[in-house]
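# task: produce atomic coordinates for the following.
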Amino acid sequence: MSDNYTYQSYETPEQQRTQETQPIPPNKPFKRTVEKVLTWVGLVLHLIWGLLIAFGVSMIPKIQSGSPELRKAMIEEGYDPELFNNVDPTSMIIFAIVMTVIPFILALIAVFLFKKSVLAGILLILAAVLGVVMSGSFIAALLWFVAAIMLFVRKPKDPKYVVSNDERHTI
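Residues are numbered from 1 along each chain as shown. Modelled structure (predicted):
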C-alpha cells in the first residue's frame, strides 16, 4: 500500500542541473497597496475628526452663553460659567488643530516612506499613539496601527522560490 504514494520525488542529475542553470525571474516590485489604502483612509478620517473637534471647540462659548439652563447646571455642579467666556475661542481652535496636525503629519510622512517599511511602520505606530492621546482619533489610530503591523510582517518573496510559467503567471 505504501508503494502507491510518493513522498519525495527523485530528480535525475540532468534535471537538477537544468533547474540550477535556469535564470531566476526578475524580482517584481513588492506592492504595499493594502497598507497605503489603510493609511490614506486613516488620514481622511483623522482630518474629518480634527475638523469636528475644531468646530466643536469653537461652538463652546456660543453654546454656553446662549443657554441659561447650561449656566445653571454648571453652577449647581460647582463650576464657574464665566470660565469658558474668558477663554479666547481662537486659541482653543489653534490648540485643537495643533493636536490633530502632529499625528496627521507623521502618518503622511509614513505614506511616502513605504519603500523603507520599518521606518514607515515606526512612524505609523507613533502617529497612532499620538492620535489617540492627543486628539482621541481611535478609528484612524486603529487603521494606522494595522497598516504598521502589516508593514512589519509582510515581506517580499525570495525570487528563487517563485515558480513562474511561460504565461507569466506566478504560482
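
# hey, which helix is longest across this protein?
Taking DSSP state H as the criterion, the chain has its longest helix at helix 33-66.

# which residue ranges of the protein form strands?
Counting by DSSP state E, no segments of the chain form strands.

# where does it have its least confident helix or strand?
helix 13-21 (a mean of 58; mean pLDDT, DSSP states H and E).

# show me what the longest helix of the chain is packed against.
helix 68-77, helix 82-86, helix 89-111, helix 138-153 (3 or more C-beta pairs under 8 Å, 6 or more residues apart in numbering; DSSP states H and E). Yep, even glycine has a C-beta here, placed from its N, CA and C like the rest.

# number of residues surrounding the residue nearest to Trp40 when sequence neighbours are not counted?
Distance criterion C-beta to C-beta, 6 or more residues apart in numbering; nearest residue to Trp40, sequence neighbours excluded, is Val111 at 6.9 Å. Residue neighbour count, defined by other C-beta atoms under 10 Å, stands at 18 for Val111.

# what is the burial count for the nearest residue to Ile125 once chain neighbours are set aside?
Leaving aside its sequence neighbours, Ile125 sits nearest to Ala148 (C-beta to C-beta, 6+ apart; 4.7 Å). For Ala148, the count of nearby residues is 26 (other C-beta under 10 Å).
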